[in-house]
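Engineer: Quick one: sequence plus predicted model below, questions after.
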Amino acid sequence: TQLLEQSPQFLSIQEGENLTVYCNSSSVFSSLQWYRQEPGEGPVLLVTVVTGGEVKKLKRLTFQFGDARKDSSLHITAAQPGDTGLYLCAGAANTGNQFYFGTGTSLTVIP
Amino acid sequence: DTGVSQDPRHKITKRGQNVTFRCDPISEHNRLYWYRQTLGQGPEFLTYFQNEAQLEKSRLLSDRFSAERPKGSFSTLEIQRTEQGDSAMYLCASSRTSGRRDTQYFGPGTRLTVL
């Protein structure tokens, strides 16, 4: 059962363009994390958001947690080839014992 | 802080053989998770330990799979009588209980190929 749906599944853009990735669920999460994963490696944590409506910025990346803590978005400004990778969202259940991963968004930034 | 380490990084085995993977978490982390990830998909939860206690197991974890964390430090995941469908990346993550900001840190994974 995939509790978190990400869209789009694949995204190919030119260097310098902006993009937004969405992570949606009908479930409420106590926190939500975003990861970036490169082929053959484990996911690397980008950010954790906890409070409904929370916005966090990490250089050119902006993360937002929905008011109801059911969804999140990741916005990248002026994408660079180094941003290429698989972006994963993961929600922590309210019990805090399990993390549910999204389906992933594969981003390719073309120089 | 050396991060989460996993060994081996790659394993090729023949169908029917047993394999064992090891995960060394970040030293002060008391939670340890195992996930399985197939190509192009997000990781799927397999099991979770708090210290040495295995608290949750996914129904994905069939009888052929067993995980241990004997002293609350490193963990092993064993797959018996491997099948081709077991081919995947096996990821380990650890975290330190810190309420809602409990954050997992992943190892590099063990890629299993069953021939």
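Structural biologist: Structure's in. What do you need? Residues are numbered from 1 along each chain as shown, chains lettered A, B, ... in the order given.
Engineer: Around residue B:85, how many other residues sit close by?
Structural biologist: Close neighbours of residue B:85, defined as other CB atoms under 10 Å in any protein chain shown, add up to 9. All C-beta spots, glycine's among them, are computed from the backbone N, C-alpha and C.
Engineer: List phi and psi for the residue nearest to it when sequence neighbours are not counted.
Structural biologist: Closest residue to residue B:85 apart from its sequence neighbours, by CB to CB, 6 or more residues apart in numbering or on different chains: residue B:114 at 7.9 Å. Backbone torsions for residue B:114, taken as degrees, to the nearest 10, come to phi -110, psi 120.
Engineer: Next secondary structure element downstream of the helix-or-strand element of chain B with minimal mean pLDDT?
Structural biologist: Within chain B, confidence by mean pLDDT, DSSP states H and E is lowest for strand B:53-57 among all helices and strands, at a mean of 88. Using DSSP states H and E, the helix or strand that follows strand B:53-57 towards the C-terminus is strand B:65-68.
Engineer: Now do the helix or strand following that following strand: distance to the chain's middle.
Structural biologist: Sequence order places strand B:75-79 as the next helix or strand after strand B:65-68, per DSSP H and E. Distance, stretch centre to chain centre, for strand B:75-79: 7 Å (CA atoms, centre = their mean, to the nearest Å).
Engineer: ditto for stretch A:78-93
Structural biologist: Worked out by CA atoms, centre = their mean, stretch A:78-93 lies 5 Å from the chain centre.
Engineer: Enumerate the positions of that stretch that are buried.
Structural biologist: By neighbour count on 16 or more other CB atoms under 10 Å in any protein chain shown, the buried set for stretch A:78-93 is A:79, A:83, A:84, A:85, A:86, A:87, A:88, A:89, A:90, A:91, A:92.
Engineer: Do you know the pLDDT at the third one?
Structural biologist: It stands for residue A:84. Per-residue pLDDT puts residue A:84 at 96.
Engineer: Geometric centre of chain B: which residue is closest?
Structural biologist: With distances taken as CA atoms, centre = their mean, the residue of chain B nearest its centroid is residue B:34 (3.1 Å).
Engineer: and that one, which of the three is it?
Structural biologist: Of the three states, residue B:34 takes strand under DSSP: H, G, I helix; E, B strand; the rest coil.
Engineer: about what we covered before: format the buried residues of stretch A:78-93 as CSV; extra columns: distance to chain B and secondary structure.
Structural biologist: Listed next are these as CSV, based on distance: CB to the nearest CB, whole Å; DSSP: H, G, I helix; E, B strand; the rest coil:
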residue, distance to chain B, secondary structure
A:79, 21, coil
A:83, 18, helix
A:84, 15, coil
A:85, 13, strand
A:86, 8, strand
A:87, 10, strand
A:88, 5, strand
A:89, 8, strand
A:90, 8, strand
A:91, 11, strand
A:92, 7, strand
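Engineer: Max pairwise distance over the residues you listed: which two?
Structural biologist: Across those, no pair lies farther apart than A:79 and A:92, at 27.9 Å, counting by CB to CB.
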